[in-house]
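Colleague: Sequence plus predicted model, see below.
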Amino acid sequence: MTLRYENVSFTYPGTKTGVTDISLQIGRGELLAIIGASGSGKSTILKLLAGFVQPDQGRVMVEGKDISSQPPESRRLGVVFQNYALFPHMRLWENVAYPLKVRRMSKAIRRERAIDMLGRVGMGGRENDYPTMLSGGQQQRVALARALVFEPLGLLLDEPLSALDAGLRVEMRDEILRVQRAAGIATLLVTHDQEEALSIADKVAMMQNGRLVQVGAPHELYEAPVNADVARFVGQSNLWRGKVVATGTVETEIGAMACDTTGRSVGEEVIAFVRPERIEPVIGKAGKDQSQVFSGIVAADRYLGPIRRIDLNVEGGVIRLETHLREAVTTVAIPRDAVRLLPAS
Ligand SMILES: Nc1ncnc2c1ncn2[C@@H]1O[C@H](COP(=O)(O)OP(=O)(O)OP(=O)(O)O)[C@@H](O)[C@H]1O
């Protein structure tokens, strides 16, 4: 594995905050996104690899080599931050060539490589411009070029898109992925934007209170979150408190539901979790196989273009559903295989 954390713990001096027992690996060409609430430790993870802080325990490795005590400048990792940090008085090519200057390459080679890299991030022909002449998205492209120009072994991106407006963010997301794939480089992306993480990452790691709670493919975190916090963080969810009352049945705050209770014991407190798009509107008469049918009153019906997001008030609680249907929805069915049981706390 190209980038690796082995049981890394770190606490900011004089505080009790930091990260605990982090083990993670990112392969060549792979993009891993770290998500989590503000203060959960995402940036700290990145700083440990970049070398801005050193582990108290464990080690960080690049291509099998322990780099825990190396200074940042000798780690061969490209870093891009939210605020670009371009040098305003330097032309774009000089900005991009800066890491090569630090590495004492000749001016001719620096210029050639910088211009080539600017082309690769879609900024060809702008080499003599200054950063102030660029939009936020363009500045971020230049920052990306600067991070990649010295052919680093890994790319570290800390909220690189959060200063951009929504449309540009989506465009730049694809751009980062394209450049990252072309370079075939192991990449760590820190983001608080779960949609960004799900859409471009090969693997997503969710942090909570300084610990990794789940690492997996985007669909694993979305479809099989390990707890209610992960479920809430990645997308919309129904989370009903309940108790397993028999094998294959959970009694929830909105009523009984058939579900897979494997691994749970009768009497165990749980949370029943269902994604809104798995709730099936029942228009007309309920079919025979729709055993768990709930009727209620529409509390909210939001038109979002391709879908509607509806809150249905039923006895004991609310069912949130998403549908592309146009009809009024007051009755829904919850398929057995749409229900997953999560730990109660
Ligand atoms: N230099 C520092 N000194 C002391 N504590 C710090 C320092 N930097 C961060 N912390 C604390 O460490 C914890 C983790 O911070 P970190 O910046 O890694 O979180 P984050 O998940 O990246 O948050 P955000 O999304 O808000 O950037 C927080 O409680 C934060 O207050």
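Modeller: Right, received. Where do you want to start?
Colleague: Which positions in the stretch 1-150 of the chain make contact with the ligand?
Modeller: 12, 15, 17-18, 36, 38-44 (CB under 6 Å from any ligand atom). C-beta coordinates here come from the backbone N, C-alpha and C atoms, glycine included.
Colleague: out of these, which are buried?
Modeller: Listed as buried from these are 18, 36, 40-44; burial here means 16 or more other CB atoms under 10 Å.
Colleague: which ones among those are found in helices?
Modeller: If you go by DSSP state H, those have 42-44 in helices.
Colleague: returning to what we had before: can you say which two of the buried ones among the residues of the stretch 1-150 of the chain next to the ligand are spatially most distant?
Modeller: Across these, the longest distance by CB to CB is 13.8 Å; it joins 18 and 36.
Colleague: I'd like the residues of the stretch 1-150 of the chain next to the ligand laid out as TSV, including pLDDT.
Modeller: Shown next, in TSV, are those (pLDDT from 0 to 100):
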residue	pLDDT
12	97
15	94
17	95
18	96
36	94
38	92
39	93
40	95
41	96
42	95
43	94
44	96
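Colleague: Among these, which one lies nearest to residue 147?
Modeller: Closest to residue 147, out of all of these and judged by CB to CB, is residue 43, at 16.3 Å.
Colleague: Distance-wise, check that closest one relative to residue 216.
Modeller: To residue 216, residue 43 is 21 Å away according to CB to CB, to the nearest Å.
Colleague: Tell me the buried residues in stretch 163-174?
Modeller: 163-164, 168-169, 172-173.
Colleague: whoops, stretch 111-129 was the one
Modeller: 111, 113-115, 117-118, 120-121, 123, 126-127, 129.
Colleague: Take those residues and keep only those in helices.
Modeller: 111, 113-115, 117-118, 120.
Colleague: The helix or strand harbouring residue 9: which residues count as buried?
Modeller: Element membership of residue 9, judged by DSSP states H and E, is strand 3-11. Neighbour-count burial for strand 3-11 flags 3-6, 8-11 (criterion: 16+ other CB under 10 Å).
Colleague: again with stretch 74-94
Modeller: Quick answer for stretch 74-94 (16+ other CB under 10 Å): 75, 77-82, 84, 86, 91-94.
Colleague: Surely residue 90 touches residue 98?
Modeller: Yes: between residue 90 and residue 98 there is a contact under CB atoms under 8 Å: 7.4 Å.
Colleague: Quickly list what residue 188 is bridged to.
Modeller: residue 32, residue 156 (DSSP bridges).
Colleague: Any figure for the gap between the residue of the stretch 51-200 of the chain at minimum distance from the ligand and residue 154?
Modeller: Closest residue of the stretch 51-200 of the chain to the ligand, CB to the nearest ligand atom: residue 192 (4.9 Å). Distance, residue 192 to residue 154, by CB to CB: 21 Å.
Colleague: One more: residue 239?
Modeller: 36 Å.
Colleague: Compare those two and say which is more crowded by neighbours.
Modeller: The neighbour comparison of residue 239 against residue 154 (other CB atoms under 10 Å) goes to residue 154, with 21 against 18.
Colleague: give me every residue that touches that one.
Modeller: Neighbouring residues of residue 154 by CB atoms under 8 Å, 6 or more residues apart in numbering: 2-3, 26, 49, 62, 76-78, 185-188.
Colleague: and what of residue 52?
Modeller: residue 72.
Colleague: My assumption is that it lies in a strand; please confirm.
Modeller: No: applying DSSP: H, G, I helix; E, B strand; the rest coil, one finds residue 52 to be coil, outside a strand.
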